[in-house]
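**Q** I would like to see how this sequence folds:
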Amino acid sequence: MSGINFLAVNSYIALVAAVVNFTLAILTILRTSRETVYVTFSLICAGVAWWNFWDFMVYASGNPIWLPLGLNVDTPWKNIVAIGSTLAAAVLFHFTVALVGRLKGNIPWVTLAYVFAIPIALSPVAALYSEPINRFWTGKGWNLSFFILLFPFMLASFILLTGAFLRSRGTDEGGWLKFILAALVIQVTTGMTDLFHKIVPALPPLGHLGSVIGPIVFATGVYRHRKAFDVLAQAQSKLELISRMAAEVAHEVKSPLTAIKGVARLQAGTADVPDADRTQQYREIMTEEIERVESILSNLQDLTKPMKIVKEKVNINALINKTLQLTSLDELGLDISFEDGEKILQAEADPSLLKQVILNIVRNASEACERDGKLEIRTLLDHDFIRIEFTDDGPGVSEEDRLRIFEPFFTTKSSGLGLGLVVISRIVEAHGGRVFMDNVQPTGVRITILIPR
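**A** Alright, predicted model coming up:
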């Protein structure tokens, strides 16, 4: 029995990988927004697809099955194989820093990655016309240059993603980051075996196999968390939100309107000379119920109106201290402590909107903890962000509720529309930041806000 032709198997795996990555690149373009993180991911898939497809063509050129298509063994496909994989290494770093929100501070490093990648990617093509460059390409020089100049950026991508995952573990963000991290590890480690195979032939080349497995892992994560990525899923979610919003608002408004209608009927049925005390009582009830309707509509307006942000230099610690002075007037019955890790933490932000965020979180904590509860506030630097943590000692929330806590109209309270945390999330995200909630032990929750510096 003849042995397995590993070259043929590996080449056809490369063809499958090319189709998988090309499909993923197209889907990313069609079904996501045009933000940097999605564009760069699409380019990574395109680069990996390029490398796999032309590596397959190298095999096909020397295989009799493909000769009728005019693919002769002298076709220089091998010289354009490296363009995709080399540029994908630089784009991977670009994608990662954009994904973890650190693009602003790493533009020089991203630029340097492309400065290194472009000459390395184009040198095999130039080797067709230059004998010295051909010796560099066919020898060990090209492989060593790739490893020395570009592998550090790939390693940095792994470190950045690992750090982001560890910081957000247990949150929705951590849920999809673990799939991206796993896909990155698979594709980079298997891809490096192809690089070292040329230097150490005994090492099997697994890059094409990794180019199939990695996207499958990533696609699994996208599917499980598709509402965070897919614009069609987001559109469906918005339609569901509108339907729920109409039902919830109708339910909330119906109660005070029923009370007003009842009082109006009672008042109409009184004697020609109504009792003054009863009339005053009716007026107070109607006023309270009208104010209730106004409050419902005001909360709804906060959710739907465009977010106008007027940014200025804000000392976050000073803003928190000033806001806490306001909460002391409300007699919330909450013991609040504030630990400012750094005396001056400045961010470009809208102070009035951040004040609203802090007030809402403090009041939510007061309602959760009831009397004699404790709330600890802490600020610290977290790379390109200012991290603000609010930790209370209330009863906490169930895991199921925690995953839905930032959904509009979801609330664990007996009353209210469930818009408070949604407004908080909108304000923070409008600043380019993130907000998430975790349970803490033995009881309580921690709300963490990340505001770009």
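**Q** The stretch 201-350 of the chain: strands as residue ranges?
**A** 312-315, 334-340, 346-349 (DSSP state E, counting those that start in this stretch).
**Q** wait, is Asp194 part of a helix?
**A** Yes - per DSSP: H, G, I helix; E, B strand; the rest coil, Asp194 lies within a helix segment.
**Q** Name the stretch among the strands of the stretch 201-350 of the chain that sits most buried.
**A** Burial of the strands of the stretch 201-350 of the chain is given as mean neighbour count (mean count of other C-beta atoms under 10 Å); strand 346-349 ranks first at a mean of 19. (C-beta placed from N, C-alpha, C; glycine too.)
**Q** Please name the strands paired to it in the sheet, noting orientation.
**A** Applying DSSP bridges to the sheet, strand 346-349 is found paired with strand 312-315 (antiparallel).
**Q** Show me how far the strand it pairs with is from its chain's centre.
**A** In terms of C-alpha atoms, centre = their mean, to the nearest Å, the centre of strand 312-315 is set 25 Å apart from its chain centre.
**Q** Same check on stretch 433-445?
**A** With C-alpha atoms, centre = their mean, you get 18 Å for stretch 433-445.
**Q** List the buried residues in it.
**A** Gly433, Arg434, Val435, Phe436, Met437, Asp438, Gly444, Val445 (16 or more other C-beta atoms under 10 Å).
**Q** Ok, stretch 93-107 next?
**A** Neighbour-count burial for stretch 93-107 [16+ other C-beta under 10 Å]: Phe93, His94, Phe95, Thr96, Val97, Ala98, Leu99, Val100, Gly101, Arg102, Leu103, Asn106.
**Q** same question, stretch 373-390
**A** For stretch 373-390, the neighbour count (16+ other C-beta under 10 Å) marks 373, 375-379, 382-390 as buried.
**Q** same question, stretch 152-169
**A** When burial is assessed from 16+ other C-beta under 10 Å, stretch 152-169 yields the following buried residues: Phe153, Met154, Ala156, Ser157, Phe158, Leu160, Leu161, Ala164, Phe165, Arg167, Ser168.
**Q** ok, longest strand in the protein?
**A** Ranked by residue count and defined by DSSP state E, the top strand of the chain is strand 373-382.
**Q** Kindly point out the strands partnered with whichever helix or strand comes after it and how each is oriented relative to it.
**A** Downstream of strand 373-382, the next assigned helix or strand under DSSP states H and E is strand 385-392. When pairing is defined by DSSP bridges, strand 385-392 lines up against strand 373-382 (antiparallel), strand 445-452 (antiparallel).
**Q** Between strand 334-340 and strand 385-392, find me the angle.
**A** Computed by axes from the mean of the first three to the mean of the last three C-alpha atoms, to 10 degrees, the angle separating strand 385-392 from strand 334-340 equals 150 degrees.
**Q** Any idea how far apart the tips of stretch 128-148 sit?
**A** 24 Å (C-alpha to C-alpha, to the nearest Å).
**Q** what does it contact?
**A** Outside of stretch 128-148, the residues within contact range by C-beta atoms under 8 Å, 6 or more residues apart in numbering are 76, 79, 82, 86, 89, 120, 123-124, 126-127, 192, 195-196, 198-199.
**Q** pLDDT wise, what is Ala113 at?
**A** Predicted confidence (pLDDT) for Ala113: 95.
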